[in-house]
Each structure stands twice: as C-alpha cells, then as structure tokens.
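>>> Output the structure for:
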Amino acid sequence: MKKDENCMGVQVNAHVGECESEPITNPITTPAGETILKVPVTLAELTVRTNLVAKIHFSDPVLEIKDIKKRIKIVQCRLLLPGISEFDPAGPFQPRTLSLFIKGFVRKNIQYATPCPGSTDESVVSEIRSLTVDVPFECVTKINSEDFLTPPQLPFNNTRKEFDFFRAQELGHGYPEKDQLLSSDLSQFHQVSTQFYNEIPFCELLRSDIVEWDEAIDRKPLPGIAPFEEGIFHHVEEKMFLEFRIKVLQKQQVRVIALPTPPGF
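Presented below is the predicted three-dimensional model:
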C-alpha cells in the first residue's frame, strides 16, 4: 500500500515522566515600608437591566423547540470621563455623575425538531437541528457620584500652544527706506504640544440572568397525514428581560504598606 505523502505522521507517547520540584523559601520581595503599586481598582459594581424584542426566522419548518442555550457577550463597556487641566486645583479624583455606555448581544443556540417524511396519524418523524443567532442590545446607564466605590481618575487634557518670533522686514518699493515692517514671520510656525496617556476604565462581566418568552407567530397544521394537534412554524417572536452584573475598573496607583519578611524566610 502506497503511503500518502500529504499525510503527517504523529508519534504519541502515553508515558509521562515524573518531574522533581522544590519550594523556594526565600523569594525576592519588596522591601518593607510604604510602597506604591499600579493595580486595577474597582470603581463600581452595577446590576444592569434592559428589555429586548426580536423576531427569529427558521429556514426549516419547526415542529417544536427542544432547548435554547443562551450566553451574553459584551463588546463595548465605556465609561465617559470628562477631561481636566493638569493644574486643576481639585485634582484628578473629583466626584461626578458619569455615563456608562454598554453594547453587546445575546448568543442563542436554538435546538429544534423539523418533520421528516414517514409521519402517520399517530406519530411524527422528525430530526433535531440547531440555529445560532445573535440578538443585539445597546443601552446607557448613569453612575451617580455617591455610587462609586472609588472615584475614577479623570484624564488630563492635551495642550497645544503656539509662539512666534519678532522680525523686522523691509517694506519694499513705495515705502521710505527707514520704515520697516515690524511683525512675526509668517513663513515659520512654532508650537509646544503636550500629550497625556491616561488610563481608560474597563469592565468585567460577573453574572447574567435572562427571562424570555418565545412564541410562534405563523403556526399552521402539519400538512399530510399527522396527528391533528401537530403543527409547524417558521417565525418566532421573543421577548427577553436581561439582567447582568458588571464591575467597572481602572488602573490606578495605590499606596500600600509592605510588611517585613517573616523570620526564617
């Protein structure tokens, strides 16, 4: 038998050798005393609620829905922060009411039975298929200043400032020789710019709860020989109540006290 050159041979070894290890008793740590860390800080934890209505089309005739697996996915969670001056006397941690924009979708995998030939007046032959759809949603919610566990660090505004140099120029024909044009030089451009690379807040999804109502809107009797109560449909209208919990975070510098190394380490 000729070996297929396009196939790749893989040798699998079921034996797993034992590796030796030993604990490190004197890890390198930060010296004891006051230390500044840059870590994600929890700004707020929110329970968000919204309502969705969608119509779903099935290309196959549906006898009945067997199961629906749902998963919420957030694609955008943006806390809008107003910019402030670097020299604002109130500092970057100012209590304010801010807006949180959320965008995502509910992924639904619908398992359903579709009829096959061979039904009788006492039974229906069917096969199981599935349809995966994304139901989008988008909303905005307010976070009051008193609801923040830690105030967000507001971003500093970028600055751009122009400056010029004085220049005396000849006036040219038609003006006295002693007279000069006293102004800046239009052939040159001078600017000082400052950019701040601020930390943007981000979100984590903690849990979600979905209550839904799915109803066929075009159900009709199953054609041919079949039990009288059986029917098929192609369109479903669903109503969903969506509730999910999110955590809003931002990387900030935090002042902590590092403990001394215990004796024996």
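>>> okay, now the nearest residue to Leu98 once chain neighbours are set aside: neighbour count?
Leaving aside its sequence neighbours, Leu98 sits nearest to Ile143 (CB to CB, 6 or more residues apart in numbering; 5.3 Å). Every C-beta, even on glycine, is put in place using the N, C-alpha and C of the backbone. As a burial measure, Ile143 scores 18 neighbours (other CB atoms under 10 Å).
>>> from memory Ile143 sits against Leu79, does it?
Yes. In terms of CB atoms under 8 Å, Ile143 counts as a neighbour of Leu79; the distance is 7.5 Å.
>>> where do the contact lists of those two overlap?
Both Ile143 and Leu79 are contacted by Leu98, Ser99, Leu100, Val248, under the criterion CB atoms under 8 Å, 6 or more residues apart in numbering.
>>> Distance of Leu80 relative to Phe165?
Per CB to CB, to the nearest Å, Leu80 is found 41 Å from Phe165.
>>> ok so, going back, quick one: which of the shared contacts of Ile143 and Leu79 is the most crowded by neighbours?
Val248 (24 neighbours).
>>> Now do the same contact list for that one.
Thr42, Leu43, Ala44, Glu45, Leu46, Cys77, Leu79, Leu100, Ile143, Pro201, Phe202, Cys203.
>>> follow-up on the earlier one: tell me who's in contact with the residue nearest to Leu98.
Here Ile143 is in contact with Ala44, Leu46, Leu79, Thr97, Leu98, Ser99, Leu100, Val248 (CB under 8 Å, 6+ apart).
>>> With adjacent residues omitted, what lies nearest to the third one?
In other words, Leu79. Setting aside the residues directly before and after it, Leu79 is nearest to Pro201 in space (CB to CB, 6+ apart), at 4.3 Å.
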